[in-house]
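> Pasting a predicted model and its sequence here:
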Amino acid sequence: MPALDRPLVVGVTGIAGHALATRLVPRGGTVLGLSRRSTSSVSGVESLQADLTDPDALARTLAGTRPTAVFLTAWARQDSEEENIRVNGAMVRDVLEAACADGTVEHVALTTGLKHYLGPFEAYGQGEIPETPFREDSPRVDAPNFYYAQEDELFAAAERHGFGWSVHRAHTMVGYAVGNAMNIASTLGAYAALCRETGRAFRFPGSAQQWHGLTDMTDAGQLAEQMLWAATTPAARDEPFNVVNGDVFRWRWMWSRLAELLDVTPEGFDGDPAPLEGQMAAMGQAWERLAEREGLRETRLDHVASAWHTDGDLGRDIECVTDMSKARLAGFTGYVRTLDSFARAFEVLREERVIPR
């Protein structure tokens, strides 16, 4: 598989990047991991550091690295969608210009998500969105969206440099990462620990739609497996793919089972949302005391939990179910039960001293 001889994982310390690195290293070859601040915790990764929004730093850092595949799993949250488009579109363009300088890149995989169908944070689920289950051939939503800007930069770079590409549209992601803006597992794990610490119930924070309706999720390992499959499968060349676990569930079924895994008393939807951002806003000091007592690796709650993002996922008033037929018909057969995904993620987060036992 020549494309994976020297893979470059951009955002290697994030939830998707970490899952990719753990699967690439055992395949052999040189695995390059690029991150803005920290280095990969995966043994065998050759860590590179650069500010992903600085084209000169990227050019210096990636000079001579000669990657054969690039996996783009990073983004930088901004204050508006206009800024998200400007910053994240430029990031894809600049990373690819630097990575392709030696002409060795054969494949580039880009991670996006269901905001491709739902619209951006500023207009989430507003206007005319595609009917569920979401399918890859749905037209773009008529609203500014940084995912579209990232795709357009990917397509333009592919024209310039001649590599194949794939786009992977994930739903809410479950896996291991620290300081990641999109990790529901660490957010719920921290919330449960604080519920135990303060003697409160583990209350479902979201909407009636999410409590009662069907939904699905994406295990970070499932995403990683699909990205590796697409990089080495001719039928997947130059195609976008949805990627979810393959099961569906209702949060009213899942919530009590997560509470059991996290050793807390569950409380379901009581008629009104109870956003985590509001619940956890005053819990920073409680987390600091807990972290110091339990020897956790992060004493800052905002480095462990991303309440705003989990609120966005659990507070939707629209159905989110994703069709996987396109990937299945092309040969990708991965499947993960979402409850098992949470159980594994919680165990790793405990082992790594991110959340307490």
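Arrived safely.
> so which helix or strand takes in residue 167?
Using DSSP states H and E, the secondary-structure element containing residue 167 is strand 164-170.
> and that strand, what other elements does it pack with?
The contact analysis (3 or more CB pairs under 8 Å, 6 or more residues apart in numbering; DSSP states H and E) places strand 164-170 against strand 107-113, helix 146-161, helix 220-231, strand 239-243. Where you see a C-beta, it was placed from the backbone N, CA and C, and this is true even at glycine.
> which residues touch it?
16, 106-114, 116-117, 134, 136, 151, 154-155, 158, 218, 223, 226-227, 230-231, 236-244, 322 (CB atoms under 8 Å, 6 or more residues apart in numbering).
> filter the residues you listed to the buried ones?
With burial judged by 16 or more other CB atoms under 10 Å, the buried subset of these is 16, 106-114, 116-117, 134, 136, 151, 154, 158, 218, 223, 226-227, 230-231, 236, 239-244, 322.
> SS state for residue 76?
The three-state label given to residue 76 by DSSP: H, G, I helix; E, B strand; the rest coil is coil.
> contacting residues around the nearest residue to it once chain neighbours are set aside?
Excluding the flanking residues, the one nearest residue 76 by CB to CB, 6 or more residues apart in numbering is residue 87, at 5.4 Å. Taking CB under 8 Å, 6+ apart, we find residue 87 in contact with 53, 76, 78.
> model confidence over the helix or strand where residue 93 lies, on average?
Applying DSSP H and E as the criterion places residue 93 in helix 81-99. The predicted model assigns helix 81-99 a mean pLDDT of 97.
> List the buried residues of it.
For helix 81-99, burial by neighbour count (16+ other CB under 10 Å) applies to 81, 84-85, 87-99.
> all strands of the stretch 151-300 of the chain, in order?
Here the stretch 151-300 of the chain has its strands, by DSSP state E, counting those that start in this stretch, at 164-170, 173-174, 202-203, 214-215, 218-219, 239-243, 249-250, 266-267.
> So which elements touch the third one?
Here strand 202-203 touches helix 184-198, helix 251-262, strand 266-267, going by 3+ CB pairs under 8 Å, 6+ apart.
> show me what contacts the residue lying closest to residue 270 once chain neighbours are set aside?
Nearest non-adjacent residue to residue 270, counting by CB to CB, 6+ apart: residue 203, 7.9 Å away. Counting by CB under 8 Å, 6+ apart, residue 203 touches 195, 267, 270, 274, 279.
> Let's see if you can find the most crowded of these.
For these, the largest number of neighbours (other CB atoms under 10 Å) sits with residue 195, at 22 neighbours.
> So that residue is in contact with residue 201, correct?
Yes - Residue 195 lies in contact with residue 201 (CB atoms under 8 Å); the separation is 6.6 Å.
> Overlap of the contact sets of the two?
Shared contacts of residue 195 and residue 201, counting by CB under 8 Å, 6+ apart, come down to 264-265.
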